[in-house]
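> Sequence and predicted model, in that order:
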Amino acid sequence: MIKNPVRKEQFVKWVLVAFALSSLLFLFLIFMFILFEGLPLFHKVGLKNIIMGSKWAPTKGFFGIYPMIVSSFFVTFGALFIGAPMGLSCAIYLSEYSGKRMKMFLKPALELLAGIPSVVYGFLGVIYIVPLIRNYIGGSGFSLLATSIILGIMILPTIISISFDSLVSVPKTYREGSFAMGATKWQTIYKVVLPAARSGILASFILGMGRAIGETMAVIMIAGNALRIPTSILDPLRTLTGNIALELAYATGDHRLGLFSTGVVLLIIIMILNYIANFGIKRKM
Amino acid sequence: MRINPRFTNKFVQIGLNFQAFFTVSILVIIVAIICFKGLPYVNFEFIFAYPEDMGRLGGIFPSIAGTILLALLSILFATPLGVGTAIFLTEYTKESLFTKIIRFGVESLAGIPSILYGLFGFIFFVIKLRMGWSLLAGVLTITIMILPTIIRTSEEAIKAVPRNLRMVSYSLSATKWETVTKVVLPSAIPGILTGIMLSVGRAVGETAAVIFTMGSSLRLPTSLMDSGRTMAVHFYILAREGISMEKAYGTALVLVVSILLINVLAYYIMNKAISKYS
């Protein structure tokens, strides 16, 4: 052991710097290896043929992932369509209406929703949502609609907890000012609190989108994984994440590189969404 | 037509109450379904026996052991790295470009979806480092995945320790490291534990990142280089390949109950910690 206290302090500091740098190193490695494996194919096949190509037959030299990009965005907006109104109204209820004891119970309970593994959501989707759609609405049930419902529920915790934080951080004086003008509670929320918390709420939606677009196991269980652009909400579809998860275990050669190209596109979309969301959260602070 | 604002106010209040109730009932329904459907199949034998015939018969002991091994070993690696990073960020530097870059790195890691961790772990640990589908590859991948959670929660726990405590320690001529290890960390431990428990929950429930790094062998892993499967992976394979619905429900029950217990424990520790300082 190092006896001299000054030297020991120096030593500790450098070890901690190394620990802190490890996160950056991991991020760098992840980017480097996914890009390193994924980019050569863009060069070989052509960016346009991958991003805009509509045929995925990797063993025959077709690497078009356009339908998957579109499908990923479809399920993401579908999830947002269901999850955003539900999540935001829950957040409003929690921050503005519920009593202290209710809040103490509800907030952790809703956060527990986040702990349920995605395979369990997918399984319940297959057992309950898919047959419901098949029997009462139509199609095979494995569909954009089923996926959107399950993903909408899965992004609730993200939306609720981040919108809640931004609603709570609106200063009390804003509300009191509005009440003093004779506004009702809802007028205050709608005209004063929500606009003030706007950027945080938007950030919660975008982070929810990030979760939905990155979700894998639940999606491959209920989306049907068909290789085309869905034309109705009852059509099956395959997302970018699903494409990777379905084929990675047995893919070799160019086929595997094609999956990494899919990963590159996904990584870029996710980074853009996270960047926008962080921008929104920071601006509020 | 002008609607009376008092009417709208009441209407919205009822609507929001209903909405919150509806959302909570989704959680209750999910847990209830898993419990009722799974309970008949979970017994002593199911938990402690080895699976037979691809999981159609027998128990899930190897996957429980695999889950515990994966979670514990990942925590073992991620905790020193994460807490060390948090100590560095809060105690050893001022806010600067350097800390901003590190925070950016941590935030970016937190945003990467698990399938990309799986993709990375597969190409880096399994293929390039020639680990093959193994417990070690799984552990290293999950370590990176849970690192941001541990860093964030530890940072907040350390920040919440009152400044006075540090000042007293310095005034007794303690060095910075002594202050950190003997004053700051002991007070911050509940918060750090919360982060660790939440990370364990994430590791236990993870599938996409595990299946491509640790593989899905049904055998009990006896060394770091053995493949194995976690409960989540076992459940996924049982359900997706339609091997056995009964065993799938049973596995789901054990899986969900363990995660809920871990998370409830995490919140319990956190609440204890919060009430201590307020």
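That came through, no problem.
> Quick check: buried residues in the one helix or strand residue B:11 maps to?
According to DSSP states H and E, residue B:11 maps onto helix B:5-38. Buried residues in helix B:5-38, counted by 16 or more other C-beta atoms under 10 Å in any protein chain shown: B:9, B:12-13, B:16, B:19-20, B:23-24, B:27, B:30-31, B:33-34, B:37-38. Every C-beta, even on glycine, is put in place using the N, C-alpha and C of the backbone.
> Whichever residue of chain B sits closest to chain A: neighbour count?
Closest to chain A within chain B is residue B:113: 2.5 Å, counting by C-beta to the nearest C-beta. Other residues near residue B:113 come to 24 when the count uses other C-beta atoms under 10 Å in any protein chain shown.
> What pLDDT does the model give the residue lying closest to it once chain neighbours are set aside?
Excluding its sequence neighbours, the residue lying closest to residue B:113 (C-beta to C-beta, 6 or more residues apart in numbering or on different chains) is residue A:214, at 2.5 Å. For residue A:214, the pLDDT comes out at 94.
> count of residues packed around residue A:214?
With other C-beta under 10 Å as criterion, residue A:214 counts 25.
> same deal with the one 10 residues further on?
The burial count assigned to residue A:224 is 23, neighbours taken as other C-beta under 10 Å.
> what are the bridge partners for it, then?
residue A:237 (DSSP bridges).
> what's near enough to touch it?
By C-beta atoms under 8 Å, 6 or more residues apart in numbering or on different chains, residue A:224 lies in contact with A:140, A:142-143, A:235-238.
> Just give me the closest of the residues you listed to residue B:188.
Using C-beta to C-beta, residue A:238 comes nearest to residue B:188 of the contacts of residue A:224, at 45.3 Å.
> Show the pLDDT at that closest one.
On pLDDT, residue A:238 comes in at 96.
> how about it, phi and psi?
Taking degrees, to the nearest 10, you get phi -130, psi 130 for the backbone angles of residue A:238.
> Now do the nearest residue to it once chain neighbours are set aside, the pLDDT please.
Leaving aside its chain neighbours, residue A:238 sits nearest to residue A:225 (4.5 Å; criterion: C-beta to C-beta, 6+ apart). Turning to residue A:225, the model gives it a pLDDT of 92.
> which residues does residue A:225 contact?
Under the criterion of C-beta under 8 Å, 6+ apart, the contact list for residue A:225 reads A:142, A:236-238, A:242, A:246.
> Now list the buried members of these.
Using 16+ other C-beta under 10 Å as the burial test, the contacts of residue A:225 include A:142, A:236-238, A:242 as buried.
> Format the residues you listed as JSON lines; extra columns: distance to residue A:73.
JSON lines is the format used below for the buried ones among the contacts of residue A:225 (distance: C-beta to C-beta, whole Å):
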{"residue": "A:142", "distance to residue A:73": "19"}
{"residue": "A:236", "distance to residue A:73": "16"}
{"residue": "A:237", "distance to residue A:73": "11"}
{"residue": "A:238", "distance to residue A:73": "13"}
{"residue": "A:242", "distance to residue A:73": "14"}
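> Closest one to chain B out of those residues, please.
residue A:242 (8.8 Å).
> what packs against the strand or helix carrying the closest one?
In this assignment (DSSP H and E), residue A:242 forms part of helix A:240-247. Judged by 3 or more C-beta pairs under 8 Å, 6 or more residues apart in numbering or on different chains; DSSP states H and E, helix A:240-247 is in contact with helix A:66-92, helix A:198-214, helix A:217-222, helix A:253-284, helix B:114-121.
> Please pull out the lowest mean pLDDT helix or strand from chain A.
Every helix and strand of chain A was ranked by mean pLDDT, DSSP states H and E. The lowest is helix A:100-115, at a mean of 82.
> Are the following helix or strand past that one and chain B in contact anywhere?
Per DSSP H and E, helix A:100-115 leads on to helix A:118-124 as the next helix or strand towards the C-terminus. Yes: contact of helix A:118-124 with chain B (C-beta under 8 Å from any C-beta of the partner chain) involves A:118-124.
> can you list those in CSV and add pLDDT and distance to residue A:270?
Shown next, in CSV, are those (pLDDT from 0 to 100; distance: C-beta to C-beta, whole Å):
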residue, pLDDT, distance to residue A:270
A:118, 93, 16
A:119, 94, 21
A:120, 94, 23
A:121, 95, 20
A:122, 95, 20
A:123, 94, 25
A:124, 94, 26
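> Contact partners for residue 112?
Went with chain A since none was named. Shown in contact with residue A:112 (C-beta under 8 Å, 6+ apart): B:27, B:260, B:263-264.
> Let me rephrase: I mean chain B.
By C-beta under 8 Å, 6+ apart, the contact list for residue B:112 reads A:30, A:214, A:267, A:270.
> can you rerun that using 7 Å?
Shown in contact with residue B:112 (C-beta atoms under 7 Å, 6 or more residues apart in numbering or on different chains): A:30, A:270.
> next one: residue A:255
By C-beta under 7 Å, 6+ apart, residue A:255 lies in contact with A:58-59.
> Give me the pLDDT for it.
94.
> Please report how far it lies from residue A:113.
Distance of residue A:255 to residue A:113, given as C-beta to C-beta, to the nearest Å: 37 Å.
> Mind listing what's buried along stretch B:53-62?
Neighbour-count burial for stretch B:53-62 [16+ other C-beta under 10 Å]: B:55, B:58-62.
> can you check stretch A:63-76 too?
Buried residues in stretch A:63-76, counting neighbours by 16+ other C-beta under 10 Å, are found at A:63-69, A:71-76.
> cool, stretch A:80-95 as well?
A:80, A:82-84, A:86-95.
> Distance from the chain centre to the helix or strand where residue B:70 lies, please.
Using DSSP H and E, residue B:70 falls within helix B:61-87. Remark: helix B:61-87 is offset 9 Å from the chain centroid, using C-alpha atoms, centre = their mean, to the nearest Å.
> Neighbour-wise, which one of the residues of helix A:118-124 next to chain B leads?
Counting by other C-beta under 10 Å, top hit in the residues of helix A:118-124 next to chain B: residue A:119 with 31 neighbours.
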